[in-house]
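[1] My questions are about this predicted structure, shown below with the sequence.
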Amino acid sequence: MAPLALLAAMVAMMWQPMREEVATRDEPVFLAAGYTYLKGMGSHLDPEQPPLAKEWSALPLLFMDVKLSERAGRYLDPQSGYPETRTWSDERVPVQALFPLGRDSWYFRPLAEGIAFGNLLLYDGINDAEKLLFSGRLMQVVLTLLTGAAIFFWIRQLAGGEAAVFGTALWVFNPIALAYGHLILTDMGAALTILLGVWSFSKLLEQPTSSRAVLVGLATGGALLMKFTAVLLVPIYATMAAVWWWKSPPERQRLSTVCKVIALAGLATWVTILLGYEPFWSPAPSLPAEQAARMGVPWWFQHFRFCLIPPDFFKGLACQIGHSHVGHSAYLCGRWPANRLVVLLPRCPGVEDTHPLAHLATGWLVPGPYNSAERPCLVLRALDRRRRISGFCHEQFDQHWGSAFAADDRPAYRWDCGADRLATTDRADRRLVALRLVGRNGVS
């Protein structure tokens, strides 16, 4: 009953914001694009992200009386749109300069058109925008709850019921999960499928069977259909396999079997991606080298386009890579850095506490007379002192304000006399510490 109560509390905390918060910049785009995919209107809108998360959010719209205004319908016509477009490397150029014969080329990137269509679908006055938005957000809440359930079952398998409840509570009261878990974005779908992918791959290393390899492929393919960030599963899997090889010398005799099932998992991943983009399996059309250079099409796409199937998947991946080279500005530590990660990671362990994973990664580097058994308690203490005030996120076309993080006015690692006692407290006291941590995390 404890995990069900926790997940119910999570729904309660997200319910009111889900109904009252205005749409973010991406929500109308993702919801409208998913609706066009499901209705068979093509897959050209919003190619920058895979389709599965958008289609999942748009499922309730199939059972609603959704109307398209004349203005919104214009953006479904490949020949209509804005006079400017973005190249695959995210440069703004006139459409006529790249597509003198018309914008109905497969290589066209309808970024502004997707934004305009999404806004018109919701706010053109013929649909109930709040109802559409709420239905799409409700689907994301389902993914958020499924992520919490997956956390519970995996931890229970590893460490028992009490640890599973505690881990689920950390997810339920995590401000980041609460902030993004009810929005029509791709993050929760990626969080769920990446978690399932790592879990299933760990089981595959324990017992390399064909059925487990297929499960790995389904989870990995599903993650890549949710968000391109899931490509990080490749180095994660490689690290897990390397640790398995190093820690289990007797298991090395099964190396050939493990390699075979990993290859099977890769094949299952590709088949899953194919099904996600069905029926658009034809290779990308040819393009003159000079025009490809002007459009920012990467060299690897030009040379291997015949085997890059489904092509829309690799088009989106290439656009994301090009977009990542441009980046976004974001407010952090009193500045607006163009690359937020560079600033966040070095300063977070010593000054600000903006993400618990950073502390889990650096908890064993905290100076002081603490042994290795005490350092996990110090990490909990750091998390207990955590303060995070969510800011605002406003993006409109090329104006990216990012997110505002207000740091605490004191160092995150504020150890007091109780920190030393945490390592030697009995089991009952540790439960009180855990409950206090969860409570303070929820309040923050």
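    Received it, and whenever you're ready, just let me know what you need. Computed from a predicted model, the values in this text were never measured in an experiment.
[2] For the closest residue to residue 81 other than its chain neighbours, give me the pLDDT.
    Nearest non-adjacent residue to residue 81, counting by C-beta to C-beta, 6 or more residues apart in numbering: residue 113, 4.4 Å away. C-beta: built from backbone N, CA, C; applies to glycine. Note for residue 113: predicted pLDDT of 86.
[3] distance of residue 113 from residue 45?
    7 Å (C-beta to C-beta, to the nearest Å).
[4] Regarding the residue nearest to residue 81, what is its secondary structure?
    helix (DSSP: H, G, I helix; E, B strand; the rest coil).
[5] what about it, distance to residue 8?
    From residue 113 to residue 8 the distance is 41 Å (C-beta to C-beta).
[6] again with residue 197
    For residue 197, the distance to residue 8 equals 27 Å [C-beta to C-beta].
[7] So which of those two has more stuff around it?
    residue 197 (26 against 12; other C-beta atoms under 10 Å).
[8] mind checking how far that one is from residue 306?
    From residue 197 to residue 306 the distance is 28 Å (C-beta to C-beta).
[9] hmm, back to that, overlap of the contact sets of residue 113 and residue 45?
    Residues touching both residue 113 and residue 45 (C-beta atoms under 8 Å, 6 or more residues apart in numbering) are residue 75.
[10] Assess the claim that residue 323 and residue 48 are in contact.
    Yes. Counting by C-beta atoms under 8 Å, residue 323 touches residue 48, with 6.9 Å between them.
[11] Which one's more surrounded, the two?
    A count of neighbours by other C-beta under 10 Å puts residue 48 above the other of residue 323 and residue 48, at 20 against 16.
[12] which SSE is the closest residue to the more buried one other than its chain neighbours in?
    In space, residue 48 comes closest to residue 319 once its chain neighbours are excluded; the distance is 5.0 Å by C-beta to C-beta, 6+ apart. Counting by DSSP states H and E, the element that carries residue 319 is helix 311-326.
[13] Please identify the buried residues of that helix?
    Along helix 311-326, these residues count as buried under the neighbour rule (16 or more other C-beta atoms under 10 Å): 311-323.
[14] Distance of residue 139 relative to residue 174?
    Distance from residue 139 to residue 174, by C-beta to C-beta: 20 Å.
[15] can you check residue 224 too?
    Distance, residue 224 to residue 174, by C-beta to C-beta: 24 Å.
[16] Those two: which is more packed in?
    Neighbours were counted for residue 224 and for residue 174 using other C-beta under 10 Å; residue 224 has more, 26 against 21.
[17] element containing the more buried one, please.
    helix 210-226.
[18] the helices in the stretch 151-300 of the chain, which residues?
    161-172, 175-180, 187-206, 210-226, 233-247, 255-276, 289-295, 299-303 (DSSP state H, counting those that start in this stretch).
[19] Lowest average confidence across the ones you listed, which one?
    helix 289-295 has the lowest average pLDDT among these, namely a mean of 85.
[20] can you list the weak-confidence ranges in this protein?
    By pLDDT under 70, the low-scoring segments of the chain are 249-253, 327-444.
[21] circling back to that earlier point, for the helices of the stretch 151-300 of the chain, which one sits closest to residue 39?
    helix 255-276 (16.6 Å; C-beta to C-beta).
[22] for the closest one, packing partners?
    helix 187-206, helix 210-226, helix 233-247 (3 or more C-beta pairs under 8 Å, 6 or more residues apart in numbering; DSSP states H and E).
[23] wait, which of those helices is closest to residue 290?
    Checking the helices and strands packed on helix 255-276 against residue 290 by C-beta to C-beta gives helix 210-226 as the closest, at 31.9 Å.
[24] what separates the closest one from the chain centre, distance-wise?
    Put simply, helix 210-226 sits 16 Å off its chain's centre (C-alpha atoms, centre = their mean, to the nearest Å).
[25] between it and helix 187-206, how many degrees?
    Going by axes from the mean of the first three to the mean of the last three C-alpha atoms, to 10 degrees, helix 210-226 is angled at 160 degrees with respect to helix 187-206.
[26] Show me which pair in the buried residues of helix 311-326 is furthest apart.
    311 and 323 (18.2 Å).
[27] Make TSV from the helices and strands packed on helix 255-276 and add distance to residue 27 to it.
    Formatted as TSV, the helices and strands packed on helix 255-276 follow (distance: least, C-beta to C-beta, whole Å):
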stretch	distance to residue 27
helix 187-206	12
helix 210-226	16
helix 233-247	26
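[28] Relative to residue 146, which of these is closest?
    Going by C-beta to C-beta, the one of the helices and strands packed on helix 255-276 nearest residue 146 is helix 187-206, 5.5 Å.
[29] ok, residue 107 - contacts?
    Contacts of residue 107 (C-beta under 8 Å, 6+ apart): 88, 284-285, 287, 295, 297, 315.
[30] List just the nearest of the residues you listed to residue 213.
    Of the contacts of residue 107, the one sitting nearest to residue 213 (C-beta to C-beta) turns out to be residue 315, at 28.3 Å.
[31] Let's verify the closest residue to that closest one other than its chain neighbours: helix, strand, or coil?
    Closest residue to residue 315 in three dimensions, ignoring its sequence neighbours and counting by C-beta to C-beta, 6+ apart: residue 47, at 5.5 Å. Three-state call for residue 47 (three-state DSSP): coil.
[32] Also residue 7?
    Classified using three-state DSSP, residue 7 is helix.
[33] neighbours around it, how many?
    19.
[34] hang on, isn't it packed against residue 145?
    Yes. Using C-beta under 8 Å, residue 7 is in contact with residue 145, at 5.1 Å.
[35] Now residue 301. Nearest residue, chain neighbours left out?
    residue 318 (5.3 Å).
[36] residues in contact with the one you found?
    With contacts defined as C-beta under 8 Å, 6+ apart, residue 318 is in contact with 88, 297-298, 301.
[37] Quick check: the residue nearest to residue 48 vs residue 146, distance?
    Residue 319 is 29 Å from residue 146, by C-beta to C-beta.
[38] same question, residue 161
    From residue 161 to residue 146 the distance is 19 Å (C-beta to C-beta).
[39] Neighbour count for the two, which is higher?
    Legend: neighbour count by other C-beta under 10 Å for residue 161 and residue 146, higher for residue 146 (18 against 12).
[40] mind listing what the more buried one touches?
    Neighbours of residue 146 in contact, by C-beta under 8 Å, 6+ apart: residue 192.
[41] what about it, distance to residue 132?
    Separation of residue 146 from residue 132 (C-beta to C-beta) stands at 22 Å.
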